[in-house]
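J.: Got a sequence here, can you build the structure:
(2 chains)
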Protein chains: 2
Amino acid sequence: MPHLSIDCVIFGYQARELKVLISKFNFKGNFYGLPSGFILHTEGVDEAAYRILKERTGIENIYLEQFKIFGEANRNNKVVFDYLWQDEAERKKFIDISGDELQWFKSRFISFGYYALVDITKVTPQKTDIDESMTWYSIHDLPNLIMDHKQIIEKALDSMRLSLDKNIIILNLLPEVFTMKEVQDLYETIFEQTYARNNFQKKILELNVLERLEKKYTGAQNKAPYLYRFKPNGLAHERG
Amino acid sequence: MPHLSIDCVIFGYQARELKVLISKFNFKGNFYGLPSGFILHTEGVDEAAYRILKERTGIENIYLEQFKIFGEANRNNKVVFDYLWQDEAERKKFIDISGDELQWFKSRFISFGYYALVDITKVTPQKTDIDESMTWYSIHDLPNLIMDHKQIIEKALDSMRLSLDKNIIILNLLPEVFTMKEVQDLYETIFEQTYARNNFQKKILELNVLERLEKKYTGAQNKAPYLYRFKPNGLAHERG
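T.: Sure thing, here's the model as predicted:
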């Protein structure tokens, strides 16, 4: 569909850092951007977002949240277009894009921003022909991104922080089994503040989505922390 | 811009009822729908939403929240199109729409849903040529709406309820000066549940956006409740 694109902000969490999945485009010019794509006439917008995410990164079966429309009248990809227009060899990498289609690429684009939170240990990002690499970057150490992709990441962060009190999607960032301290580390990383341990634990348990695993009897005095996981019908991994 | 439209869900509050602004279209067929419109190539998406709201209802200077994209692949306005197609007199009411443009009207539309909360006493809805009326309807007593407009209202309600704990846009529904009981009535109407009075008052005051007005000395024993209003720099009426 003309004038429409989808940008995916995929957050992962590792070593107390929040990371986001960034593509380095397969051009000599140093272009970095979010995994993005277009909407087919035959598919729904959400459907397109899941297809793009899968095609560009290999990630599927996660919950994508549509968080904002980026719709300024002058929003376009002119910088990349101009680069491609001036370099025939680079342009030819778009083997299936004719001159007309490249013009289309230059037009105004309204982007639908989606974000997702994933367990970084479970995801092996793939790249497509148009990516030189598809890599996790710390949100505090991003490369120079095309268009307004940096602002899109910032807005995704805002939306995620706003919605986290209401739901538990944040816990998607954790592995299957985790300690309460790991949960608190995660919240402190994302919100960039500290919490009182007892209050924090109380608040999380009140959500009523976690179950505590029994400690295994080891014979020794057991000082290992309790482990938690989602209840079988916990909400966090549901799509909807 | 092709394939794109904007639907505005304008909530008002009156006599402990939550209401929404609905247009009855100026056709013999009984078509009801949300105030809607299209996006010009030269305007941003948010800008279009404010223009449409103003043109269709006369409402301006309020905060519109973009809450969801309605993007199913088969989403179109075929019912109204077929009606107009079969009735030449009705069709001619679209004096500036040629046959081709009417075909365009039948194509797939992705709608951007916006909602706003307004003080019903301050708003006098206007109608345009395409409206027979522009009227407040209780959300519990809506007419038969075109397309998926009923679902759009339901999703707007969901989004509003979700975001209300985080911010205070709900208070936009109240007049300039109000009692704490009026605030509680409003919340109870919207969330369709009751709250304990003391806890409720505490929670609202903790938001730190209201100021209590001094009671005027009347000589008589003063049993009138305290009145509140927004602090001069309260957030509720800000556009963001």
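J.: Could you use CA atoms for every contact and neighbour count after this?
T.: Noted.
J.: Listing request: residues of chain A with sub-threshold pLDDT.
T.: For chain A, the stretches with pLDDT under 70 are A:93-102, A:163-170, A:216-222, A:232-240.
J.: ok, then the element right after the longest strand seen in chain A?
T.: As assigned by DSSP state E, the longest strand anywhere in chain A is strand A:4-14. Past strand A:4-14, heading to the C-terminal end, the next element that is a helix or strand (DSSP states H and E) is strand A:17-25.
J.: Other residues contacting that next one?
T.: A:9-13, A:30-35, A:127, A:130-139, A:189-190 (C-alpha atoms under 8 Å, 6 or more residues apart in numbering or on different chains).
J.: returning to that earlier point: in its sheet, what does the longest strand of chain A sit against?
T.: strand A:17-25 (antiparallel), strand A:36-38 (antiparallel), strand A:110-117 (parallel) (DSSP bridges).
J.: before we move on, the earlier item: I'd like to know which of the contacts of strand A:17-25 are buried.
T.: A:9-13, A:31-35, A:127, A:131-139, A:189-190 (16 or more other C-alpha atoms under 10 Å in any protein chain shown).
J.: So which of those belong to strands?
T.: Per DSSP E, the buried ones among the contacts of strand A:17-25 map to strands at A:9-13, A:32-33, A:131-138.
J.: so how far is stretch A:113-122 from its chain's centroid?
T.: Between the centre of stretch A:113-122 and the centre of its chain there are 4 Å (C-alpha atoms, centre = their mean, to the nearest Å).
J.: For chain A, which segments count as helices?
T.: Secondary structure of chain A, counting by DSSP state H: helices at A:45-57, A:78-86, A:88-91, A:99-106, A:149-164, A:180-191, A:197-206.
J.: Can you tell me which of the ones you listed is packed in deepest?
T.: Of the helices of chain A, the one with the most neighbours on average (mean count of other C-alpha atoms under 10 Å in any protein chain shown) is helix A:45-57, at a mean of 21.
J.: With only the CA atoms kept, save it in CSV.
T.: Taking C-alpha atoms only, helix A:45-57 is exported to CSV below (Å, rounded to 0.1, in the frame of the first residue of the first chain):
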residue,chain,number,x,y,z
VAL,A,45,-1.8,-4.0,9.4
ASP,A,46,-1.1,-6.2,12.4
GLU,A,47,-0.6,-9.1,10.0
ALA,A,48,1.9,-7.1,8.0
ALA,A,49,3.8,-6.2,11.2
TYR,A,50,4.2,-9.9,12.2
ARG,A,51,5.2,-10.9,8.7
ILE,A,52,7.8,-8.1,8.5
LEU,A,53,9.2,-9.0,11.9
LYS,A,54,9.5,-12.6,10.9
GLU,A,55,11.0,-11.9,7.5
ARG,A,56,13.5,-9.4,8.7
THR,A,57,14.6,-10.9,12.0
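J.: so does that helix get close to chain B?
T.: Yes. Applying C-alpha under 8 Å from any C-alpha of the partner chain, one finds helix A:45-57 touching chain B at A:45-46.
J.: other SSEs contacting that helix?
T.: Judged by 3 or more C-alpha pairs under 8 Å, 6 or more residues apart in numbering or on different chains; DSSP states H and E, the packing partners of helix A:45-57 are strand A:4-14, strand A:36-38.
J.: again, only this time at 10 Å
T.: On a contact count with 3 or more C-alpha pairs under 10 Å, 6 or more residues apart in numbering or on different chains; DSSP states H and E, helix A:45-57 meets strand A:4-14, strand A:17-25, strand A:36-38, strand A:65-70, strand A:110-117, strand A:131-138, strand B:65-70.
J.: returning to what we had before: turn the helices of chain A into CSV, columns for distance to B:Arg51.
T.: Converted to CSV, the helices of chain A look like this (distance: least, C-alpha to C-alpha, whole Å):
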stretch, distance to B:Arg51
helix A:45-57, 25
helix A:78-86, 27
helix A:88-91, 39
helix A:99-106, 26
helix A:149-164, 24
helix A:180-191, 36
helix A:197-206, 43
